[in-house]
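A.B. asks: Sequence first, then the predicted structure, then my questions.
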Amino acid sequence: MSRIGKKPVIIPANVTVDIAEGNAVTVKGPKGTLSYTFHPDMILKVEGNVLTVDRPDEEHLHKSLHGLTRTLLHNMVEGVEKGYAKELDVNGVGYRAEKKGNQLVMRLGFSHEVFVDEIPGITIEVPNPNKIIIRGIDKQAVGQFAAEVRGKRPPEPYKGKGIKYTTEVIRRKVGKTGGKK
């Protein structure tokens with residue numbers, strides 16, 4: 001039995017979960033609404049404020065879907081209740097970010113500014129020129145968008161310049177040394 005899959009998902013009082021035909025799940029909460037269609041073989045049940053996921057048999061596919069389905073449902077419930085956020089740090093001399101309208105404008109050492117548009121369901125905050133906060137209710141979308149912003153100038157190992165996650169540790173390398181002639 002899957003250790004993750006057999007754990008129940010507790011549904012808070014301010015969140016509603018609707019399971020339609022074909023395992024189409026809609027989760028509504030104070031932050032918004034998320035919908036996803038899960039594999040039709042998985043057995044989803046809501047009893048009171050507890051959501052459980054079961055599998056029909058011990059087939060390899062069903063075993064692998066069991067924990068995944070439960071985790072995705074938990075992320076949906078947590079997302080519409082609390083939301084998700086990723087924090088990015090902008091490091092480097094002259095490197096900065098600002099928000100203009102619904103665009104993120106970054107100066108990253110290139111000869112031009114880098115523009116990133118907000119997408120639906122994602123909000124960008126820039127509390128100071130060296131910090132970017134990306135918020136949303138869909139965990140996957142927040143992580144993907146944060147990775148795309150980081151990809152505009154990933155941190156380099158010699159000086160540590162670039163965009164990194166706040167929790168990320170950059171492994172630094174020693175630069176060249178003047179050799180003997």
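C.D. replies: Alright, I've got the coordinates.

A.B. asks: okay, which residue is most central for this protein?
C.D. replies: Nearest residue to the geometric centre of the chain (Cα atoms, centre = their mean): Gly143, 2.8 Å.

A.B. asks: Name all residues that make contact with that one.
C.D. replies: Contacts for Gly143 (Cβ atoms under 8 Å, 6 or more residues apart in numbering) come out as 84, 86. For glycine as for every other residue, the C-beta is placed from the backbone atoms N, C-alpha and C.

A.B. asks: Would you mind measuring from it to Pro8?
C.D. replies: Taking Cβ to Cβ, to the nearest Å as the measure, Gly143 falls 25 Å from Pro8.

A.B. asks: and what of Ile133?
C.D. replies: 32 Å.

A.B. asks: And Lys86, by the same measure?
C.D. replies: Per Cβ to Cβ, Lys86 is found 28 Å from Pro8.

A.B. asks: Pick out whichever of those two has more residues nearby.
C.D. replies: Taking neighbours as other Cβ atoms under 10 Å, Lys86 and Pro8 compare with Lys86 leading, 21 against 14.

A.B. asks: what helices or strands is whichever strand or helix holds that one leaning on?
C.D. replies: Assessed by DSSP states H and E, Lys86 sits inside strand 84-91. If contacts are counted by 3 or more Cβ pairs under 8 Å, 6 or more residues apart in numbering; DSSP states H and E, strand 84-91 sits against strand 131-136, helix 139-150, strand 162-165.
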